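> Sequence first, then the predicted structure, then my questions.
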Amino acid sequence: MSVPRFQERQLRCVWAAFFIFISGGMKMSQNAMKLLANSESFHSAWFYLAMVGSLLGPLFGTCVPYKYSYMISSAFVIFGGIISITNIVTSDCLDGIAFGMTMVATIAAGAENLKACYRGRVLSVEVIGVSIGMVIYCVVYPFYAEENDILWFKLFGYISIGCGLAGLICSFYANNSPIHYIMNKAPTRAIHAIQKMYKEKRTRNPSQKVLAKFSELDKYVRHETSTFGLVPFGFDLLAGLKIGLIRILVAIVTSSSFIVFFDAYSRNHKDFAIATFFLGSARLFGALFFVFLIDWIGRKKIAMASFFGLGISIIVLGVLFGSRDELMAVMVIPVVAQFFTGLGEGVSTVYMSEAFSLKGKTVMICILVDLECAALIVLNEYKYFNRITFCILGVSCLTAVALIFVFLPETKKTSLTEARKRFSSVFCLKF
């Protein structure tokens, strides 16, 4: 993917997020193993702390530039890797906080700093990083599980430390967002940040190109801050309701198919890890499709295709659940569902970067991430699934296809102002 010079330094923050999400993907697979061992409290601890981390996201996003949020999150991942050798629960806590903070910072920073022509592709970093982390975990785990647990924990600790160090280096050399400085009444620092982006020397007389970019960003910030109020925040809530429903539904459907998949392999941890490797690979394969299609076909069409595939898959699982073909369905259908999850999960992430106002953005992202984590925590407690449950979930996904067509707009290659205007409409029937 070719990237204009103006965006090079900004993408280093995205690379930092990528390594943090890899660590998060490994922790998600590890938590699945704990769920298999009936350690629900440990499994849920990661999601609780991810909620705490997302709550810290708006605070750090307001007080300091986003690059420092990445640096703090990378430090948490490093310390989590060090501690994981002896204290796994504390490691979960640190990684969960880092994941939540990074989610908010990545979506918010992507909205501010990425061009519309490839905003969707770059923000797929979340689903790709998590999928790679799942695959890494499942590749390494079978060689050490049950034979040498201490070496296994040390190895994953070293991998987490490596991810944290890579994220820390990327965020250290990343550029601060000029929008942050403009919002905090620091125009000189904003101009210096733009000069760094253009790789120009820091001088008192900036070039016309830098001044033009500063004028463009200043105009955008003034428009956003002057029009923010009760009515615009109401539009943020409307957009959040639209995006939240599809994001939470994807999480519930995916996790429910995960749980029955885990039960099918619960007798042998090595077989479980190998099978989960196929889940992560299918998810990664779908995410790669998403990268190539999101800014070409568009968000709306991909979301509809993803939910249609999920709906059919889960309905088939529900029909076969409890029959003589149940074992085959439980082993095959979740892999198919993971492909469609990888294909469509990033759509809600891209939508969150485009739908909200500049002032309400981090708060709304935090709310949606916390609601998703809360839904997964509740799902952990309710682990009984039957034919009726899966059929209801499948029909819900097919219903979501119609809801996406009616209520969600198409925002590919649009400015943030135009995307917000489209989300402010209740009905969005155009592709």
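That came through, no problem. Numbers count the residues shown, from 1 in each chain.
> What is the helix or strand R247 falls within packed up against?
Per DSSP states H and E, R247 falls inside helix 230-264. The helices and strands touching helix 230-264, judged by 3 or more CB pairs under 8 Å, 6 or more residues apart in numbering; DSSP states H and E, are helix 5-36, helix 269-293, helix 299-320, helix 326-355, helix 361-381, helix 387-407, helix 416-423. Any C-beta I mention is one placed from the backbone N, CA and C, and that applies to glycine too.
> what's the closest of the ones you listed to N184?
helix 361-381 (14.2 Å; CB to CB).
> Dump that closest one to CSV, restricted to CA.
Output in CSV follows, covering the C-alpha atoms of helix 361-381 (Å, rounded to 0.1, in the frame of the first residue of the first chain):
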residue,chain,number,x,y,z
LYS,A,361,-15.5,11.0,19.5
THR,A,362,-13.4,9.5,22.2
VAL,A,363,-16.3,9.3,24.6
MET,A,364,-18.5,7.5,22.1
ILE,A,365,-15.7,5.1,21.1
CYS,A,366,-15.2,4.3,24.8
ILE,A,367,-18.9,3.6,25.4
LEU,A,368,-19.1,1.2,22.4
VAL,A,369,-15.9,-0.7,23.4
ASP,A,370,-17.2,-1.0,27.0
LEU,A,371,-20.6,-2.2,25.8
GLU,A,372,-18.9,-4.9,23.6
CYS,A,373,-16.7,-6.1,26.5
ALA,A,374,-19.8,-6.1,28.8
ALA,A,375,-21.7,-8.3,26.3
LEU,A,376,-18.8,-10.8,26.2
ILE,A,377,-18.6,-10.9,30.0
VAL,A,378,-22.3,-11.7,30.2
LEU,A,379,-21.9,-14.3,27.5
ASN,A,380,-19.2,-16.0,29.5
GLU,A,381,-21.6,-16.6,32.3
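> avg pLDDT for it?
Confidence for helix 361-381, expressed as mean pLDDT, is 83.
> Check which helices and strands it is in contact with.
helix 40-63, helix 88-113, helix 230-264, helix 326-355.
> any idea which of the ones you listed is most buried?
Ranked by mean neighbour count under mean count of other CB atoms under 10 Å, the helices and strands packed on helix 361-381 are led by helix 88-113, which reaches a mean of 26.
> can you count the residues close to L168?
The tally of other residues near L168 (other CB atoms under 10 Å) stands at 21.
> Same check on I388?
I388 has 10 neighbouring residues, counting by other CB under 10 Å.
> What residues does it make contact with?
Contacts for I388 were tallied using CB atoms under 8 Å, 6 or more residues apart in numbering; they are G318.
> picking up where we left off before, mind checking how far the helix holding R247 is from the chain centre?
In terms of CA atoms, centre = their mean, to the nearest Å, the centre of helix 230-264 is found 12 Å from the chain centre.
> Same check on stretch 17-28?
Relative to the centre of its chain, stretch 17-28 is centred 10 Å away, using CA atoms, centre = their mean.
> what's the average pLDDT for that stretch?
Averaging pLDDT along stretch 17-28 gives 87.
> what do you get for stretch 155-175?
When the per-residue pLDDT values of stretch 155-175 are averaged, the result is 86.
> Could you list the buried residues of that stretch?
Within stretch 155-175, the residues that count as buried by 16 or more other CB atoms under 10 Å are 155-157, 159-171, 174-175.
> Can you tell me how far Y66 is from Q195?
Taken as CB to CB, to the nearest Å, the spacing of Y66 relative to Q195 amounts to 19 Å.
> Looking at the two, which has the bigger crowd around it?
For Y66 versus Q195, the count of surrounding residues by other CB under 10 Å is larger for Y66: 31 against 21.
> my guess is the more buried one contacts A109, does it?
Yes - under the criterion of CB atoms under 8 Å, Y66 is in contact with A109, at a separation of 4.3 Å.
> The helix holding R247 to helix 361-381, inter-axis angle?
Between the direction of helix 230-264 and that of helix 361-381, the angle (axes from the mean of the first three to the mean of the last three CA atoms, to 10 degrees) works out to 30 degrees.
> right, and the secondary structure at the most centrally placed residue in the chain would be what?
In the chain, the residue lying closest to the centroid (CA atoms, centre = their mean) is E126, at 4.0 Å. Three states are possible here, and by DSSP: H, G, I helix; E, B strand; the rest coil the one that applies to E126 is helix.
> same deal with the one 4 residues further on?
Per three-state DSSP, the secondary structure class of V130 is helix.
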